[in-house]
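Novice: What shape does this take:
(one chain, ligands or ions: 1)
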Amino acid sequence: MKFFVDTADVEAIAELNALGMVDGVTTNPSLIMKSGRDILEVTKEICGIVAGPVSAETVALDADGMIAEGRKLAEIAPNITVKVPLTWDGLKACKVLSGDGHMVNVTLCFSANQALLAAKAGATFISPFVGRLDDINIDGMDLIGDIRTIYDNYDFNTQILAASIRTVNHVTQAALIGADVMTAPPEVIRKLADHPLTDKGLDAFMKDWAKTGQKIL
Ligand code: G3P
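Specialist: The predicted model follows:
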């Protein structure tokens, strides 16, 4: 499973990228707002750090506006993925932008039928929002599983990008189901390394090591 980092925080991206943990980046208008940076500047900086796909989201609500914005965003770097919302206009924009040869991420997906439409419109990635479904008491992982089944039934090439990932368990479940990609905030990716038995075991090793009086260096 590929790891995308869901942030426009350049320092966090650079730190995780140096560890080989970043296969791509996803941003959205809320994350750009949180960064306090200009969208074109910060996205260019991110594209200079990460070789994989970097999603930059359009904000127009009509297809023509999304297409124009998408083409402008795509000029930032060759690894830009244009992100459009899963509306009828977003699907129109997806068809045109993917026809131009751009990678397209169709976002704000909350149903299997929406995912089916995005695949037919030529999306490179579909972004089902797991955490936001969990928020309304619908199991977001069921949607990931349904999309996996449908895409496999018909050999769609659109990659399932499990988004709105909030917990380490979301990551495990998405990997078990076979999501192609998951995108999570940096803190969730860091938490994947945590285990209390690792901490406990390390503590015991350090205590025993101190008793030996030895040094390696
Ligand atoms: O990947 C989409 C993500 O940014 C939304 O996450 O936690 O706001 O639902 P969240």
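
Novice: Work out the gap between the helix of greatest length in the chain and the centre of the chain.
Specialist: Taking DSSP state H as the criterion, the chain has its longest helix at helix 196-212. Counting by C-alpha atoms, centre = their mean, to the nearest Å, helix 196-212 is centred 36 Å from the centre of its parent chain.

Novice: For it, the averaged confidence score.
Specialist: For helix 196-212, the mean pLDDT works out to 98.

Novice: Can you report phi and psi for the residue nearest to the spatial centre of the chain?
Specialist: Nearest residue to the geometric centre of the chain (C-alpha atoms, centre = their mean): residue 183, 2.7 Å. Torsion angles at residue 183 (phi, psi; degrees, to the nearest 10) stand at phi -120, psi 130.

Novice: could you measure it against residue 37, distance?
Specialist: Residue 183 is 19 Å from residue 37, where distance means C-beta to C-beta, to the nearest Å. Using the backbone N, CA and C atoms, a C-beta is placed for each residue, glycine as well.

Novice: Check residue 87 too.
Specialist: Counting by C-beta to C-beta - residue 87 and residue 37 are separated by 27 Å.

Novice: what's the pLDDT at the closest residue to residue 43 other than its chain neighbours?
Specialist: Once flanking residues are discounted, residue 43 sits nearest to residue 56: 4.9 Å by C-beta to C-beta, 6 or more residues apart in numbering. Reported pLDDT at residue 56 in the predicted model: 98.

Novice: pretty sure residue 56 contacts residue 81?
Specialist: Yes: Residue 56 is within contact range of residue 81, at 7.3 Å (criterion: C-beta atoms under 8 Å).

Novice: Of these two, give the one with the bigger neighbour count.
Specialist: Using other C-beta atoms under 10 Å as the criterion, residue 56 and residue 81 rank with residue 56 on top: 29 against 26.

Novice: Residues of the chain that sit close to the ligand?
Specialist: 6, 26, 28, 129, 131, 132, 163, 164, 166, 183 (C-beta under 6 Å from any ligand atom).

Novice: Could you tell me how many residues sit around the closest residue to the last one other than its chain neighbours?
Specialist: If you skip the residues right next to it in sequence, residue 183 has residue 4 as its closest partner in space, 3.8 Å away by C-beta to C-beta, 6+ apart. By other C-beta under 10 Å, 28 other residues sit near residue 4.

Novice: Could you say which helix or strand holds residue 4?
Specialist: Per DSSP states H and E: residue 4 is located in strand 2-6.

Novice: List the pairing partners of that strand within its sheet, with orientation.
Specialist: Here strand 2-6 is paired, per DSSP bridges, with strand 24-26 (parallel), strand 181-184 (parallel).

Novice: and it, average pLDDT?
Specialist: 98.

Novice: And it, what's buried?
Specialist: Under the neighbour-count criterion of 16 or more other C-beta atoms under 10 Å, strand 2-6 has 3, 4, 5, 6 buried.

Novice: helices or strands up against whatever helix or strand comes next after it?
Specialist: Sequence order places helix 10-18 as the next helix or strand after strand 2-6, per DSSP H and E. Contacts defined by 3 or more C-beta pairs under 8 Å, 6 or more residues apart in numbering; DSSP states H and E place helix 10-18 against strand 2-6, helix 39-49, helix 186-191.
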